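[1] Have a look at this prediction, sequence included:
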Amino acid sequence: MSSEMKLIMENWRNSEVVSESEGIKAANDILDDLEKEQQLDEAIFSVAAIIFAFFVKTAAASAMVSAIAKFGSFLQKKLTGDPSSLLDNIGLYAEQASKHLATLGIPAGFAKIMQHPVVRNYLGDDEATKWSNWFRQVEKVLAFLILITAAGHEIFVGIKEAGGGIEMIKQLAQKSGIQDPDSLSALADLFDRLVDGGELTATSVEASNQQGRLAIWGTIVKNLKDLVPKTP
């Protein structure tokens, strides 16, 4: 079992309470560790490594898995049993998933890292703007991944009923605001693997298979670097 999966499984068992400051906590932990190791004082350090450490930490947190469960409950109340209604309104549901991310403090945590004096001085204004634009796309990818984890089965059924193939997932992702071609391809590949592995049944809004959904999210966290757009 990977270290990412062990962390997620432990946090899933303690996921009753969602902390709105999860992103800030993760940012503080990462910046504290870096300062203790004096890595921020070195001439060369990787902003990308810092940011990905932040995303993995927040993605594996108990607050994240709790948010996914609550988002699944939200979808169960909203969907009428007609999968096409999910596909027709994919942008709205992805936006709702983004709101769940915001309650975890992920945008605030990212901003705190970017505002750290050493990071800010190292990047400069132009590079910082590129990273901010990158983060907006990452938010959309994370929201779509939450949507797949919470209702992937319904998405697949809707695609089949519409006579589409796996490639249709790219169109749906684009409707949710994802623009990066590599991310779109990676999302399609992920969805294809979940279909081939028979794992999507665990992602139905009606499913109570928390371990199955947890396994899918663990796969997502493990492959997060390939799923989000390339860093600036």
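    Received the coordinates, thanks. Here the structure is a predicted model, which means the values were calculated and not measured.

[2] Just give me the residue right at the centre of the protein.
    In the chain, the C-alpha nearest the mean C-alpha coordinate belongs to L142, at 2.7 Å (C-alpha atoms, centre = their mean).

[3] any idea which element that one lies in?
    helix 117-161 (DSSP states H and E).

[4] name the helices or strands packed onto the helix or strand just after that helix?
    Note on helix 117-161: by DSSP H and E, the next helix or strand toward the C-terminus is helix 168-175. Judged by 3 or more C-beta pairs under 8 Å, 6 or more residues apart in numbering; DSSP states H and E, helix 168-175 is in contact with helix 90-103, helix 117-161, helix 181-196. C-beta coordinates here come from the backbone N, C-alpha and C atoms, glycine included.

[5] buried residues in helix 168-175?
    For helix 168-175, a neighbour-count test (16 or more other C-beta atoms under 10 Å) marks M168, I169, K170, L172, A173, K175 as buried.

[6] and if you look at stretch 128-144?
    Quick answer for stretch 128-144 (16+ other C-beta under 10 Å): A128, W131, W134, F135, Q137, V138, E139, K140, V141, L142, A143, F144.

[7] how about a markdown table for the residues you listed, with distance to S62 added?
    As requested, these are exported to a markdown table (distance: C-beta to C-beta, whole Å):
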| residue | distance to S62 |
| --- | --- |
| A128 | 31 |
| W131 | 27 |
| W134 | 27 |
| F135 | 23 |
| Q137 | 26 |
| V138 | 21 |
| E139 | 20 |
| K140 | 24 |
| V141 | 22 |
| L142 | 17 |
| A143 | 19 |
| F144 | 22 |
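
[8] which stretches of the chain aren't confidently modelled?
    Where the chain drops to pLDDT under 70, the residues are 1-20, 36-45, 80-81, 202-204, 206-210.

[9] for G198, helix, strand, or coil?
    The local conformation at G198, judged by DSSP: H, G, I helix; E, B strand; the rest coil, is coil.

[10] Pull the number of nearby residues for it.
    G198 sits with 8 neighbouring residues when counted by other C-beta atoms under 10 Å.

[11] do the same with D226
    The local packing of D226 (other C-beta under 10 Å) involves 14 other residues.

[12] and the nearest residue to it once chain neighbours are set aside, what does it touch?
    With sequence-adjacent residues excluded and distances taken as C-beta to C-beta, 6 or more residues apart in numbering, D226 is closest to A186, at 5.2 Å. By C-beta atoms under 8 Å, 6 or more residues apart in numbering, A186 lies in contact with N223, D226, L227.

[13] closest to A48 among these?
    Nearest to A48 among the contacts of A186, counting by C-beta to C-beta, is D226 at 13.5 Å.

[14] For the closest one, pull up the helix or strand it's in.
    D226 is part of helix 224-227, with elements assigned from DSSP H and E.

[15] Right, I'll leave it there.
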